[in-house]
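**Student:** model this:
(one chain, ligands or ions: 2)
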Amino acid sequence: MTARTLTRLIKADTAAPGIAADCLRAGGLVAFPTETVYGLGADAADGAAIARLYLAKGRPSFNPLIAHVADIAAARRLAVFDADSERLARSFWPGPLTLVLPKAPACPVAPLATAGLDTIAVRVPNSGIAQAILRAFGGPIVAPSANLSGHVSPTTAAHVRADLDGRIDLIVDGGPTPVGMESAIVGCGGDGPVLLRPGGIAREAIEQVLGRPLRQPPDDAAEAPAAPGMLASHYAPAARLRLAAKEVRPGEALLAFGAGTVRGAQAAVAVLNLSPAGDLVEAAANLFAHLRALDRPGVAGIAVMPIPHEGLGEAINDRLARAAAPKDNG
Ligand code: TXA
Ligand code: MG
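**Tutor:** Ligands and ions are numbered 1, 2, ... in the order given. Presented below is the predicted three-dimensional model:
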């Protein structure tokens, strides 16, 4: 049982970074926007704060967290870079790319945050308010997406509140997050860079910088996941999803994409379009908010129109496939 806490909500104004940093220093839990989704931050060096973070999310403790830092210099104190990771960091940071790297010998991040692994996930977010909080705090902040474990990631402060009100200390409201999709996660070292999670930067863009293809995670990743949060049903909403739907069935809502339509669309319980223009960047930004909006009582299921697999479509289809997977223990 978590004790109920009073959750304070503040706007991302000039006072917000100082308030957030003070709260983190006191061992508090602070939700704040990054360019991808809202993160739930804790002091990365404070094991007790991290334990409370797992509790607040209801997250299995074997699932390691991403350490957020303000720049590459700060990342070097946490992780060891090789030529590939160096190139990726220079090209995409600040931005929606997370690198999984060998932990640096003097890495100050609490072992609980890395689930005892000898690697660490590091990211430099590209968001004014996230950067301001990191600089005001002056150290790494671990931040999973600020949702209850098993729910879709939050792209607005209202989403965070719906999941975590009374369980965390502070929410910094900086409006909707522009990318709307979690960061892409690339593991470096070993047999060459591997795409552990498709995300806010398209595979093609990453491969162009590397000058070679990314490896796929091994097939047994579902049982012993290299990115352990990639359990099949991780993103599941309560309503059943039907992917690449050619028609809308009775009782279903429609999650549309592009200018086209499908049979039965007029009878849909509700309709939202990820991008009427068929733009995959816009679709990524809308995905989680639209899933949340359609996932409500009275909606028996959600029919999802086919979405192309190229560019950010890979990450969108990945999240949809997980949301459609049968739930394990939620
Ligand atoms: O965009 C994002 O990445 C957001 C924002 C808040 O930065 N964060 C986010 O965190 O999506 P989270 O905790 O929901 O997902 C992090 C993923 C998990 O799948 C976790 O298992 C994986 O990163 N991960 C963390 N450390 C790892 C490691 N050492 N090796 C492999 N995977 C790791
Ligand atoms: Mg998450």
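
**Student:** May I have the residues that are in contact with the residue nearest to the spatial centre of the chain?
**Tutor:** The chain has E182 as the residue nearest its centroid, 3.3 Å off, counting by CA atoms, centre = their mean. E182 makes contacts with T36, V37, P96, S145, S153, R197, G199, G200, A315, as judged by CB atoms under 8 Å, 6 or more residues apart in numbering. C-beta: built from backbone N, CA, C; applies to glycine.

**Student:** So which of these is surrounded by the most neighbours?
**Tutor:** Top of the contacts of E182 by neighbour number is T36, holding 31 neighbours under the definition other CB atoms under 10 Å.

**Student:** Give me the pLDDT value at that residue.
**Tutor:** Note on T36: pLDDT of 98.

**Student:** any weak-confidence spans in this structure?
**Tutor:** Per-residue confidence of the chain (counting by pLDDT under 70) places the weak regions at 1-3, 59-62, 219-236, 327-330.

**Student:** Now G298: which helix or strand?
**Tutor:** Taking DSSP states H and E as the criterion, no element holds G298; it sits outside all helices and strands.

**Student:** Check the burial of it by counting its neighbours.
**Tutor:** For G298, the count of nearby residues is 9 (other CB under 10 Å).

**Student:** From ligand 1, how far off is the residue nearest to the centre of the chain?
**Tutor:** Taken as CB to the nearest ligand atom, to the nearest Å, the spacing of E182 relative to ligand 1 amounts to 4 Å.

**Student:** What residues does the chain have near ligand 1?
**Tutor:** Along the chain, the residues adjacent to ligand 1 under the rule CB under 6 Å from any ligand atom are 34, 36-37, 39, 63-66, 96, 98, 100, 114, 117, 119-121, 123, 143-145, 182-183, 185, 196-197, 226-230.

**Student:** Show me which of the residues you listed are buried.
**Tutor:** For the residues of the chain next to ligand 1, a neighbour count by 16 or more other CB atoms under 10 Å gives the buried set as 34, 36-37, 39, 63-66, 96, 98, 100, 114, 117, 119-121, 123, 143-145, 182-183, 185, 196-197, 226-230.

**Student:** burial measure for the closest residue to A283 other than its chain neighbours, as a count.
**Tutor:** With CB to CB, 6 or more residues apart in numbering as the measure, L274 is the residue that lies nearest to A283, at 3.8 Å, once sequence neighbours are left out. Number of residues near L274 (other CB under 10 Å) recorded here: 25.

**Student:** Would you agree L274 is in contact with L254?
**Tutor:** No: taking contact to mean CB atoms under 8 Å, the distance of 10.8 Å between L274 and L254 leaves them out of contact.

**Student:** Please settle this for me: is A284 part of a strand?
**Tutor:** No: read with DSSP: H, G, I helix; E, B strand; the rest coil, A284 is helix and lies in no strand.

**Student:** What distance do you get for it to ligand 1?
**Tutor:** When distances are taken as CB to the nearest ligand atom, A284 and ligand 1 turn out to be 12 Å apart.

**Student:** do the same with R322
**Tutor:** Note on R322: its distance to ligand 1, by CB to the nearest ligand atom, is 11 Å.

**Student:** Also D43?
**Tutor:** According to CB to the nearest ligand atom, D43 and ligand 1 sit 15 Å apart.

**Student:** show me what contacts that residue?
**Tutor:** Contact analysis of D43 by CB under 8 Å, 6+ apart lists L24, R25, G27, A49, F137, G139, I141, V142.

**Student:** Mind checking which of those residues are buried?
**Tutor:** Buried residues within the contacts of D43, counting neighbours by 16+ other CB under 10 Å: L24, A49, F137, G139, I141, V142.

**Student:** can you pull out the helices in the stretch 101-250 of the chain?
**Tutor:** For the stretch 101-250 of the chain, helices defined by DSSP state H, counting those that start in this stretch occupy the ranges 128-137, 157-164, 203-210.

**Student:** Where strands are concerned, which of the contacts of E182 count?
**Tutor:** R197 (DSSP state E).

**Student:** Output the contacts of E182 in JSON lines, with distance to L9 appended to each entry.
**Tutor:** Output for the contacts of E182, formatted as JSON lines (distance: CB to CB, whole Å):
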{"residue": "T36", "distance to L9": "21"}
{"residue": "V37", "distance to L9": "17"}
{"residue": "P96", "distance to L9": "25"}
{"residue": "S145", "distance to L9": "18"}
{"residue": "S153", "distance to L9": "19"}
{"residue": "R197", "distance to L9": "29"}
{"residue": "G199", "distance to L9": "27"}
{"residue": "G200", "distance to L9": "26"}
{"residue": "A315", "distance to L9": "29"}
